[in-house]
Every structure is written in C-alpha cells, then in structure tokens.
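**Student:** Here is a sequence with its predicted model. Questions after.
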Amino acid sequence: MSERLLEVTDLEVYYGVINALKGISFHVDKGEIVSLIGANGAGKTTTLHTITGLIRPKNGSIIYKGVDIRRTPAHKIVSMGMVHVPEGRRIFQNLTVYENLMMGAYSQKDKNKISENMEYVFKQFPRLEERRRQLAGTLSGGEQQMLAMGRALLADPELIVLDEPSMGLSPLLVSEIFDIVKTFREAGKTVLLVEQNAKKAMSISDRVYVLETGSITTEGKAAELIHDERIKKAYLGE
Amino acid sequence: MDFLTALINGLSSGGTYAIIALGYTMVYGIAKMLNFAHGDIIMIGGCVMYSVLSAKGNPLLAILAAVVFCVVLGVTIEKLAYKPLRGAASLAVLITAISMSYLLQSVAQIYLKSGTPALSALRLEGSVNIGSFRIDYSTILTLAVTIVVMVALSLFVKYSKTGRAMVAVSEDRDAALLMGINTNFIITITFAIGSALAAIAGYLMLCKAPILTNTLGSMPGIKAFAAAVIGGIGSIPGAMLGGILLGVVESISYSIPVLAPFTEAVEFSILIIILLVRPSGILGKMRREKV
Ligand SMILES: Nc1ncnc2c1ncn2[C@@H]1O[C@H](COP(=O)(O)OP(=O)(O)O)[C@@H](O)[C@H]1O
Ligand SMILES: [Mg+2]
C-alpha cells in the first residue's frame, strides 16, 4: 500500500492579477519519482515555489505528511523533510563548495547525521570533494547543479523537489544528472521533478503530470504516456 | 599639528565611522535597504546615557543601558516600520527610513527640551606623551574598540552558524530560506548588531566631545554612510576600510591650513571620485544581474 507524502488540491496562485495556477491537483507517494512537465511559462516553477512556501496560494490545500503546510514558513518546511533545489541552482557564489554544503545542513542538529550525509554526497559527487575549498561561483554549470543537489541532500530530505536540473547543460551532463536523480530513489528518497526535457524526465519517472498554462491537462503512468500520440507530438518532438 | 598626529587622529575618528558604517552596510547587505535612521540610533543612545547619568548612574552603566536600549529600539523599528514593507518598492522603504530618522530626532528634541546637555562624566581626559608626541586617551580607546569590534565581527561572520547564514541571506534571500534559514530572524540579528554598534560609536563620540544634541548622529551618520559606499556597500571589510579611509582623509585635510575649511568638501569629493572610478566601491562586488 503506497503512502501519500504530498497531496495538493485545487491550488490557485496569482501574481497580482495574473492567474498563474488555475486550481491544480496532484499527489506524490512515498518512494515515487513524479514529473511535472510543461512548456516555458506553464507554471511549473510557481507550483514548486508554492509547495515549498516561497509563494502563498490564493486557494487550495497543500498536505505534506498529513500536515497542512499552506501557511508554514518556508524555512520550517525544510526541517519537515521537503527540500527544494531551485531553478537556476541558486548556489551561494561567494561561499566555498564545502560552506555551501554546510548551508544545506543548516536545519540539521545531529552532527553524526551531517557527516554521514556529507560522506554520501562526496561519494555521489567526487568532483565536489576535489573542489571543496573552491568558491562555488567558479564551478562549471554541471558542477553547480551537482552542488545544488548535494546541498539539498545535506538537509536530509524525504522529498526532494527539483526544478529543471538539466537546464543549460550539455547532453552528456544531462544524462549524468538524471542518473543521479535515479539514485535518490535508491537511497530511499522521493522525488518531484520539474522538467522541460520531457523525454528524459518520463524515462526515469513513475508518474507524470502535464501542465499547460496553469492547468493540469494530462496525467498518468510515465510508461503509458510515453506512447500517447498527443504527448509524443507536443513534448517529445516525435 | 604634524602629519603623524593627524594620521593617528584620523585612524581613530575613522574607526568611529567604520563602526557606524558597519551598521549601514550589514543592513543594506542583508535586508537590502538603506536605514537612514541608523545615525539617529547613535543619538538616542546618547539620550539614554544622559538619562542614566542624570539619575546618578555611573558611566559604565550608562553605556550598557544605551547598548541594550538601542538594540531593542533598532529591532522594534525594523519589526514595526520596515518589515511590513518587505518586498515593497525601495523608494517606499527609503522614505519610511527618512521619516523614522526625523521621528527619532523630534522625540529626542522633546526629551532634551531643545537643550544641549553636557555629559561631562563620559569625557575621557588626559593623554600619553612620547617625547613631543601626544595621543589622547580617547583616541587610544577608540582605536582599541575599533580593532576589537572589527576582529570580533569578522570572526562572528566567518565562523558562527548565524554569521554564515548572514552571508547566505545577503547573497540570495530565497535560496537561504530554502536552506531552512529563518531569514526574518537573521534580519533581526543584523539590526540588533548594527544598533549595538551605533550605541558604542555614540559613546566614542561623546568621550571626545560630550555635548548631546538631537542631531548628534546626523553628520557622522551621513559620513559613515559615505564610508560604507566608498568601501562597497554590503561589504563588511569595505565598511571598515571606507570608514578608516574617510577618517584619515578628514584628519589630514583638517591639518593642512589651506584645506581645513573645505574638509567636508574634500571628503565627499573622495566619495564622488571613487564612485566614478569604481561604482560598486573599493571592495564592492560588481553585481551580476539575475535573469
Ligand atoms: N514574479 C512573477 N510576477 C509575475 N508573473 C510571474 C512571476 N513569476 C512567474 N510569472 C508568470 O507566471 C507564469 C508561470 O511562470 P513559471 O511558474 O515561472 O513557469 P515555468 O516554470 O513553467 O516556466 C508565467 O506566465 C510567468 O510569466
Ligand atoms: Mg520554471
């Protein structure tokens, strides 16, 4: 029996008068990789910002582990185990790689757990360990994405929310990043993934939601949607 | 006055500017606002010292009370006046801060009954003489306090968890939130530190010239703000450097008879020249615009 980790119902978000999300509903079960795909401007980032507390919705509910977090401050949501890797990585350029990772552990109290997670991150991303004393701003795009993901892992997340981790990366690096996302699940984590690279996202996901101008228009198992003619045409470039 | 004396006096008054400039620059870096009322916190600290001394308190108690009062006042101003405007247009925030500055000055005017009391008990008299060379105790004290403040603040920012969080918030507030950092709390701490430093700077000013007016903090506030901009607003080492630089320029200019009447013009010219050559200040980061 699958355990519901995140349940979003009728979420409506406005930027002033602009209606960015028009009442979307979706859920993520424990252990799943769920993708939210859609064109530029569809509302994917807005969705993630709303569930992790950076934006407040006008209507709707966000239940995480059975708790309504609609009014919970963003910094508290982190210690509840939902950690957001933002679009554009947003690493701290003037801090070193190691200091960035330690920022991720900000809400962690248990020192042993922190060093365990640090070890895990360095095992997953050996390049970060080599560059631990380097200023993060000097890393390449791919390395910065790895740092952003590593930083999130140091918060010891149960649910990792990723916003376009493949953005601006070379095809080889894109594959590497998606391979890493797959390992998150093996490490017992749940993943909510936002991507424009629908093909790659669907290839590693259990379920997929398609977002179009603020509404979810299609949802289903990734293995089935990948053969859907309309999806193929609109998102897979076939 | 010979050059060396001017230099040492300059380092000392520069230290006071630096301590005030730290408050401007930290608040700017972390809360992204210009706290124009910062200079007036110095003056309010002076009023607190005055009232403690009037009640026959000793100077040490007066300084302590001023620090505590200014911390509470700074944090309260932030909560009541600035926090509701977070995310508002920067002009709205600026005008609020300017209004706050006049509010504090007016309240102090009422409290002082438009008088200018002398806080003689704070005065630090005497000097050390090395040959023909004389340094006032107040100068030595200011230099010592400046060094302690700079070292302590640098260590705090570099090594404490809260200090690291301050750096993170100043770089990217939303990203800091996503790390689980309570950014409101970090902003509160920043105002607390800035206000405590303002109270200390107030004492350093009054121990040299113990006359209290309701505009005590205005000119030093403006100069310290200039110092923060010269050093690169938002940068802690920049505020230290800018403050010291401005103090030394001021003191040396003052020691040269032809320049002495134009000292303030010289100081602000330095600001303009540095902004022309390096718009982000000496140690300021050229900001990359985020897309
Ligand atoms: N801060 C903002 N202010 C106003 N409109 C915004 C803001 N952020 C996003 N939008 C608008 O909301 C819509 C959804 O944007 P976004 O969530 O960033 O889409 P996506 O991540 O899918 O590309 C777009 O029409 C965008 O222009
Ligand atoms: Mg987006």
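**Tutor:** The structure has been received and is ready for your questions. Ligands and ions are numbered 1, 2, ... in the order given.
**Student:** gap between the closest residue to ligand 1 within chain B and B:R173?
**Tutor:** Nearest residue of chain B to ligand 1: B:G87, at 10.7 Å (Cβ to the nearest ligand atom). Where you see a C-beta, it was placed from the backbone N, CA and C, and this is true even at glycine. Distance from B:G87 to B:R173, counting by Cβ to Cβ, to the nearest Å: 10 Å.
**Student:** same question, A:I226
**Tutor:** Going from A:I226 to B:R173 by Cβ to Cβ gives 39 Å.
**Student:** for B:S101, same thing?
**Tutor:** Distance of B:S101 to B:R173, given as Cβ to Cβ: 25 Å.
**Student:** And for B:T215?
**Tutor:** Computed as Cβ to Cβ, the B:T215 to B:R173 distance reads 34 Å.
**Student:** Give me the more crowded residue out of the two.
**Tutor:** B:R173 (19 against 14; other Cβ atoms under 10 Å in any protein chain shown).
**Student:** give me every residue that touches that one.
**Tutor:** Residues near B:R173 by Cβ atoms under 8 Å, 6 or more residues apart in numbering or on different chains: B:32, B:183.
**Student:** let's see 10 Å
**Tutor:** A:54, B:30-32, B:86, B:181, B:183, B:186-187 (Cβ atoms under 10 Å, 6 or more residues apart in numbering or on different chains).
**Student:** Going through these, which ones are buried?
**Tutor:** A:54, B:30-31, B:181, B:183, B:186-187 (16 or more other Cβ atoms under 10 Å in any protein chain shown).
**Student:** mind listing which of these are in helices?
**Tutor:** Judged by DSSP state H, these include B:30-31, B:183, B:186-187 as members of helices.
**Student:** Please list which of these also come close to chain A.
**Tutor:** With Cβ under 10 Å from any Cβ of the partner chain as the criterion, those include B:183, B:186 near chain A.
**Student:** Following element in sequence after the longest helix belonging to chain A, please.
**Tutor:** Criterion DSSP H: the longest helix present in chain A is helix A:171-186. Using DSSP states H and E, the helix or strand that directly follows helix A:171-186 along the chain is strand A:190-195.
**Student:** got the angle for that following strand vs helix A:171-186?
**Tutor:** Interaxial angle of strand A:190-195 relative to helix A:171-186 (axes from the mean of the first three to the mean of the last three Cα atoms, to 10 degrees): 160 degrees.
**Student:** Find the centremost residue of chain A, please.
**Tutor:** A:L162 (1.6 Å; Cα atoms, centre = their mean).
**Student:** any idea which element that residue lies in?
**Tutor:** strand A:159-163.
**Student:** Which other helices and strands does that strand contact?
**Tutor:** strand A:4-15, strand A:33-37, helix A:44-51, strand A:82-85, helix A:141-153, helix A:171-186, strand A:190-195 (3 or more Cβ pairs under 10 Å, 6 or more residues apart in numbering or on different chains; DSSP states H and E).
**Student:** before we move on, the earlier item: just put the contacts of B:R173 in TSV and tack on distance to B:I140.
**Tutor:** Shown next, in TSV, are the contacts of B:R173 (distance: Cβ to Cβ, whole Å):
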residue	distance to B:I140
A:L54	50
B:I30	32
B:A31	34
B:K32	37
B:R86	42
B:I181	40
B:T183	40
B:I186	35
B:I187	35
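**Student:** near ligand 2, which of these show up?
**Tutor:** On the criterion Cβ under 5 Å from the ion, none of the entries of the contacts of B:R173 sits beside ligand 2.
**Student:** which among these gets closest to ligand 2?
**Tutor:** Ranked by distance to ligand 2 (Cβ to the ion), the contacts of B:R173 are led by A:L54 at 12.7 Å.
**Student:** Now do the same contact list for that closest one.
**Tutor:** A:L54 neighbours (Cβ under 10 Å, 6+ apart): A:45-46, A:48, A:74, A:77, A:84, A:86, B:173-174, B:177-178.
**Student:** Let me see the confidence value for it.
**Tutor:** If you check A:L54, the pLDDT there is 96.
**Student:** With B:M1 instead?
**Tutor:** Looking at B:M1, its pLDDT stands at 55.
**Student:** low-confidence ranges in the chain?
**Tutor:** The chain I'm using is chain A. Applying pLDDT under 70 to chain A flags the ranges A:1, A:238.
**Student:** switch to chain B, that's the one I care about
**Tutor:** The model of chain B has pLDDT under 70 over residues B:1, B:286-291.
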